[in-house]
Every structure is written in C-alpha cells, then in structure tokens.
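In: What follows is a predicted protein model with its sequence.
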Amino acid sequence: MSTDENFILAIDEGTTSARAIIFNHAGQIVAVGQQEFTQHFPRAGWVEHDPVEVWDAVRAVVGQALSKASINRHQLAAVGITNQRETAVVWDRITGEPVYNAIVWQDTRTQKICEELAGGEGADRFKEICGLPLATYFSGPKVRWILDNVEGAREKAEAGRLAMGTMDSWVLWNLTGGVGGGVHITDVTNASRTMLMNIRTLDWDDTMIEALGIPRSMLPEIRSSSELYGYGRKEGLLIDTPITGILGDQQAATFGQACFEKGMAKNTYGTGCFMLQNTGTDPVFSKNGLLTTVCYKIGDQPAVYALEGSIAVAGSLVQWLRDNLRMFDSAPESEALAASVKDNGGAYFVPAFSGLFAPYWRPDARGALVGLTRYVNRGHIARAVLEATAYQTREVLEAMDADAGVPLTQLKVDGGMTSNDLLMQFQADQVGVPVIRPKVAETTALGAAYAAGIAVGYWQGEQDVIDNWAEDKRWEPAVENAERDRLFRNWKKAVTKTFDWVDDDVIE
C-alpha cells in the first residue's frame, strides 16, 4: 500500500453537525465536509435529533470531503467513526425507521427513571458494575424511556424487532447496508457509556439489563475500537471500503492527542467540556465525582481505561448568548466582547442548564448569573461566560488529582474553543500548569482515523500517532496565586446558588 496515494476518512457525528475529514499519512487534514442538523427542543429539558436527518447529513459530508480532496473510495484505506456518545436511538430492524427521535446526551427527561433505579441506595448504586452514577446523561435510561413511552415499542422490542444503539451503531448499520444486511456493532468506549456494560468484563451485564428493563436482543455486539466491522454498502460512495475504527468522541480526542501513558490527560472544548486521564489497564473508581470509562482498545490488546470529568455546557453557553440573547452574531465575537473589559466585574455565570455534571452530579441545579451590580455590562457577561468553562475545568482537574494522586504537569487541549486566546490564557491561569494546543486541533476525527488506519496497517500503532503529534501553541500561567484563588473561591460560592432549584412541582 502506497501511503502517498491512500488516505483515511473519519466520520465525526457530533452534537450539532456531521463532519467527514480526510487525513493523510502524516495525520494532516486533506479535506473537510460539514453539515449542521436540527436541534429539537420539544419541552424544557428535552433535546432530540432526527436520526434520518443525521444519516442524511453523514452521507452528504462524505460526498463533500471526497469531492474537495478530488479522490474516490479507491484511495481510501479505511473509514473510522466517532460520535457524541450517550445520544440513544432505537430503530426497527425490518423497516430501518427509528421508532422515535434520538434522545440527546444533554436531555434530562429520564430523571425520574434514574431516581427510581437509585432507590434507597443512591446514584452510585451500580457504579461498581458500570463505572457510572445513575444520571440522565447516559443512554440506557433513554432507551428505557422510549420503550416505556412510545406506543408499541416494548412489544416490538420483546419480539426481537427493535435495535438500539449510540449514534456510532446507527451510522455503521446504515453504512454497511441497513435493512439489507447492516452490521449492528458498537465499540467498548461507546458501550461503556450506556450503563449496560460491565466495566471489567467489557460485556453486557445481566444485572444492568434487568434493572433497566431492556431486552438483550436490542443490544449491538461489543467490539474493540480498531478492527474490521464491515464494508460500505453496495449503493453509496463508500462501496466495499473497510470500516475499521470506532471511538466515542472524547476517547477519540484522547487517542488523537497521543495520551497513551498512564497519567496523561486532555481536555476537549466543544458543546460541553470533557477531560480524560489515562489510568492504564485497570479501571480506577472515583471518590470525587468522576466517571470510570474505557479509553480505547486496539484489536486484541488489553483495554486501556480513563477517568473522565464531563461538563455539560461549554461552547453551547456561547451559542446561547448568540442565539437566545442575541448578544452577538457569531461565536468568535464573544472573545472581542470579553476582551473589552479588564475582568468579570464581579459577575459569575454557572451554566447548569441541564443540571451540573462532574464533579457535582446535581440534576436539581439550574443556571444562574450572580454577582450582578449596575456596573456590569455585556462585556462582563461575555467574560463570565468564557471564565465559566475554565472554572469548571479546574474543578474537574482537582478531582482528577485527588483520585489519581498524580498532579498533572501540563494540559493538552483541543476543540473549537481553543482558538480563543483569552479563554486559553485564563485556563492556564486557573489550572496553574501550561495549556498546550496541537497543530491539528481536530483531534476527535484524527483519533478515529488513527484507530481505523492502525487496523489495516496504514499506521503501525501508537508510536506513529506520537510521531505525528506536534505542538502548535502553549499558554503559561501568568497570574498571582492570590487573585487566582480569589476568583475560584467566588466561583465555588456561585455554584452553590444553583442547587435545589428544581422542585417536584416545577413544570419543565
């Protein structure tokens, strides 16, 4: 195989858009296709996607990327898939139609299901099995909600007619033929976010299946993150192209950032914010509100685990200022607006729009803007919005240090918000270690490409990923400790103002 003439295609099925990115052997971007899809908010706290629209977007962006690169499928060595992880879809194996919209990871409608499952034992009832607390974030309770609330769904599921999956499974099933022989597979990283997989055995767990009331026949087969799953369907642009990599988006970014050694960590700034720290081949169970998750599994090699701190709202808070408050016309303008003032003016924005994720796990919390005086203007609010992401990241980092016992010496970063110099400098100031951005910021798609390429021998293994990784920019801490601690102390106080907001009689 001549690596000069062959490429890897990564399909990145994100929360707000689908992208297809073609990479060369050096791990550089050759071409990108991108298409947004609709965000449905049928009720407060509910977030949905139309799975058919998502699949249409995936097909469109593959065509865009191939066209821009002026190549066809014959020059693709393999295809990798990465995806928003906890979004759940249930579809009919015979018709290929979803029985309901995909329920997105931010959706909070499953709170009562989670409370019922917790019973008197609390949210950590199943943590020793699946590594996760009972929370609306994960996909298992979402599937349970669909079976309980969509007419005829449970009957069809019991009869073996319905399939469930995270979005990687939906994309792969359609890519490989759909009703005409599509393969129903997920990888260990996505499976570890369902609450249905045993974190130690890497197989579906009978206790979890029974507790959530989901028929085993609905579940995809669990495979490694880097192996042959199937080939592109007979009609379409990827006929007979091997599909050989699947990684959940945050695990893919960790892989793309070459965090292969125990203790290495990365933070991705996207719709939400997600920090993963490699903990080696043994799962570490957090005492500080973090998740135990599978980081990656390459073929027959042992699985590598991670601790994860998940922050629900980061970039989406900037979008909220843009779309809901019309404070500016494009997200990049937020940086200039925030830079128009020298500090936050005493304002703190806690974006608990769907409760608080790590390290609090408080579904009863709701967003709050506190510390307001007549002095505060839109520049201060824009700055408070950016600072919120950095404070939340520091909270997660401190929880990680406490769990792992190995303080980080640097923080690798990626995602759209890393182009914001003001935020990145403030982040370095808050965490007190250098913040480092790689030359290829699209580490999520890159990680999926590496997993796919390693499976077919396009890359030899992790060393090729390390060799391709290159630093683009770093930010060094540049603030007095007293000021750093004063800001963070006030942030922690602001967070407490969001607790206990949702009562039983609150209509959402």
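Out: Right, received. Where do you want to start?

In: Helix or strand for residue 307, just tell me which one.
Out: If you go by DSSP states H and E, residue 307 is part of strand 304-311.

In: just checking, what packs against that strand?
Out: Counting contacts by 3 or more CB pairs under 8 Å, 6 or more residues apart in numbering; DSSP states H and E, the secondary-structure elements packed against strand 304-311 are helix 249-256, strand 273-280, strand 291-296, helix 378-404. No exception for glycine: its C-beta is placed from N, CA and C like everyone else's.

In: tell me which residues in the very next helix or strand once past that strand are buried?
Out: Along the chain past strand 304-311, the next helix or strand (assigned with DSSP H and E) turns out to be helix 315-323. For helix 315-323, the neighbour count (16 or more other CB atoms under 10 Å) marks 315, 316, 317, 318, 320, 321, 322 as buried.

In: How about the contacts made by residue 191?
Out: Under the criterion of CB atoms under 8 Å, 6 or more residues apart in numbering, the neighbours of residue 191 are 197, 202, 204, 220, 222, 294.

In: switch the cut-off to 10 Å
Out: Under the criterion of CB atoms under 10 Å, 6 or more residues apart in numbering, the contact partners of residue 191 comprise 85, 130, 139, 165-166, 168-169, 185, 197-199, 202-204, 219-223, 248, 294.

In: Now do the strands in the stretch 401-508 of the chain.
Out: Listed in chain order, the strands found in the stretch 401-508 of the chain under DSSP state E, counting those that start in this stretch are 411-414, 435-438, 471-475.

In: Most tightly packed of those?
Out: The highest mean neighbour count among those, using mean count of other CB atoms under 10 Å, belongs to strand 411-414: a mean of 25.

In: quick one: average pLDDT of it?
Out: Averaged across strand 411-414, the pLDDT comes to 92.

In: Direction included, what does that strand pair up with?
Out: In the sheet containing strand 411-414, the strands it pairs with under DSSP bridges are strand 265-269 (parallel), strand 435-438 (parallel).

In: Any chance of those strands in a markdown table with mean pLDDT as columns?
Out: Supplementary listing: the strands paired with strand 411-414 in a markdown table, determined by pLDDT from 0 to 100:
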| stretch | mean pLDDT |
| --- | --- |
| strand 265-269 | 91 |
| strand 435-438 | 94 |
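
In: about what we covered before: of all the buried residues of helix 315-323, which comes closest to residue 415?
Out: Distance to residue 415 across the buried residues of helix 315-323 (CB to CB) is lowest for residue 315, with 7.5 Å.

In: got a list of what that closest one touches?
Out: Applying CB under 10 Å, 6+ apart, one finds that residue 315 lies in contact with 15-16, 269-273, 331, 334, 389, 415-417, 420.

In: That one and residue 257: what is the separation?
Out: Using CB to CB, to the nearest Å, one gets 18 Å for the distance from residue 315 to residue 257.

In: With residue 311 instead?
Out: Using CB to CB, one gets 18 Å for the distance from residue 311 to residue 257.

In: before we move on, what about residue 221?
Out: Counting by CB to CB - residue 221 and residue 257 are separated by 28 Å.

In: Same list (the strands of the stretch 401-508 of the chain) but as TSV, adding distance to residue 235.
Out: Output for these, formatted as TSV (distance: least, CB to CB, whole Å):
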stretch	distance to residue 235
strand 411-414	35
strand 435-438	37
strand 471-475	40
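
In: For residue 306, find the nearest of the ones you listed.
Out: Evaluated over those, closeness to residue 306 peaks at strand 411-414, with 13.4 Å, by CB to CB.

In: Can you dump the C-alpha atoms of the closest one in CSV for me?
Out: The C-alpha trace of strand 411-414 is given here as CSV (Å, rounded to 0.1, in the frame of the first residue of the first chain):
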residue,chain,number,x,y,z
LEU,A,411,-2.9,20.1,30.0
LYS,A,412,-3.3,19.1,26.3
VAL,A,413,-6.4,20.9,24.8
ASP,A,414,-8.4,20.6,21.6
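
In: which ones are touching the nearest residue to residue 50 once chain neighbours are set aside?
Out: When the adjacent residues along the chain are set aside, residue 50 lies closest to residue 101, with 5.7 Å between them (CB to CB, 6 or more residues apart in numbering). Each residue near residue 101 by CB under 10 Å, 6+ apart is listed here: 40, 42, 46-54, 89-90, 146.

In: 7 Å instead?
Out: For residue 101, the contact set (CB atoms under 7 Å, 6 or more residues apart in numbering) comprises 40, 48, 49, 50.

In: Can you report phi and psi for the spatially closest residue to the third one that is not a sequence neighbour?
Out: Pointing back at residue 49 there. Here the nearest residue to residue 49 in space, its sequence neighbours aside, is residue 102; by CB to CB, 6+ apart that works out to 4.5 Å. Main-chain dihedrals, residue 102, degrees, to the nearest 10: phi -70, psi 130.
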